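Undergrad: Sequence first, predicted model second:
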Amino acid sequence: MTAVSASAQDLSRVASAITAVLPALNRALERRLAQDFAHPKPPEGQLALLRLVGERDGITVREAAEVLLVRPNNLSAMVSRLIGEGLLERRQDSADKRVAHLHLTREATRRVEEVQALMDGYVVAALSVLTDGDLGAIGSALGALDALTGHIHPAGH
């Protein structure tokens with residue numbers, strides 16, 4: 001891997017821009033979603049857990065806590081809330097009763113898919129008014145942003 005040849009000032013400028021634009025993009029999506037989603041949107045931490053369980057059906061509470069960088073006891077409380085709301089199921093491991101596996105309920109699957117479809121729709125609509133150059137730049141940046149995420153949060157990547 002080749003080291004970056006950019007100056008410390010350039011790196012600082014890019015870092016500041018990334019840490020400003022990504023939360024702003026997320027807030028804009030959140031506000032639109034709050035207007036259009038038929039149910040109260042779960043807080044971001046709960047939504048992240050629901051998405052993770054959707055991607056890794058049967059993940060254990062401990063594994064989910066490691067991926068999400070959350071303390072297991074905090075995650076367990078979140079899991080209990082989501083079970084109470086009918087969005088998650090916790091099933092004991094057949095070999096080790098101390099281990100619980102997480103599964104989305106049908107309602108949670110439907111809601112997560114609806115949230116994702118709404119968010120994708122907002123982004124598609126916004127992308128459709130950008131120039132080809134802007135689209136190309138964003139497309140090119142996705143791999144680099146994914147790599148950047150891996151360097152900052154390697155446990156969850």
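TA: Yep, that arrived. The structure displayed is predicted, hence computed values, not measured ones.

Undergrad: going forward, measure contacts and count neighbours with C-alpha atoms only.
TA: Noted.

Undergrad: Which strands or helices does the host helix or strand of Gly45 pack on?
TA: Secondary structure assigned from DSSP states H and E places Gly45 in helix 44-55. With contacts defined as 3 or more C-alpha pairs under 8 Å, 6 or more residues apart in numbering; DSSP states H and E, the secondary structure elements packing on helix 44-55 are helix 61-68, strand 100-104, helix 106-127.

Undergrad: For Glu89, which three-state class applies?
TA: Following DSSP: H, G, I helix; E, B strand; the rest coil, the label given to Glu89 is strand.

Undergrad: Run a quick neighbour tally on the closest residue to it other than its chain neighbours.
TA: What sits nearest to Glu89 in space, not counting adjacent residues and going by C-alpha to C-alpha, 6 or more residues apart in numbering, is His103, at 5.1 Å. Residues near His103, counting by other C-alpha atoms under 10 Å, number 23.

Undergrad: related to what we said a few turns ago, columns mean pLDDT and distance to Ile138 on top of the helices and strands packed on helix 44-55, output as CSV?
TA: Written out in CSV, the entries for those read as follows (pLDDT from 0 to 100; distance: least, C-alpha to C-alpha, whole Å):
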stretch, mean pLDDT, distance to Ile138
helix 61-68, 93, 26
strand 100-104, 95, 32
helix 106-127, 94, 9
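
Undergrad: Just say which of those is most tucked in.
TA: Most buried of the helices and strands packed on helix 44-55, by mean neighbour count (mean count of other C-alpha atoms under 10 Å): strand 100-104, with a mean of 22.

Undergrad: What is that strand packed up against?
TA: Secondary-structure packing of strand 100-104 (3+ C-alpha pairs under 8 Å, 6+ apart): helix 44-55, helix 61-68, strand 88-92.

Undergrad: Format the CA atom coordinates belonging to the first one as CSV.
TA: Read it as helix 44-55. Taking C-alpha atoms only, helix 44-55 is exported to CSV below (Å, rounded to 0.1, in the frame of the first residue of the first chain):
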residue,chain,number,x,y,z
GLU,A,44,-30.1,5.3,14.7
GLY,A,45,-28.6,2.7,17.1
GLN,A,46,-31.7,0.6,17.0
LEU,A,47,-31.9,0.9,13.3
ALA,A,48,-28.2,-0.1,13.0
LEU,A,49,-29.0,-3.2,15.1
LEU,A,50,-32.0,-4.1,13.0
ARG,A,51,-30.0,-3.7,9.8
LEU,A,52,-27.2,-5.8,11.2
VAL,A,53,-29.6,-8.6,12.2
GLY,A,54,-31.2,-8.4,8.8
GLU,A,55,-27.8,-8.9,7.2
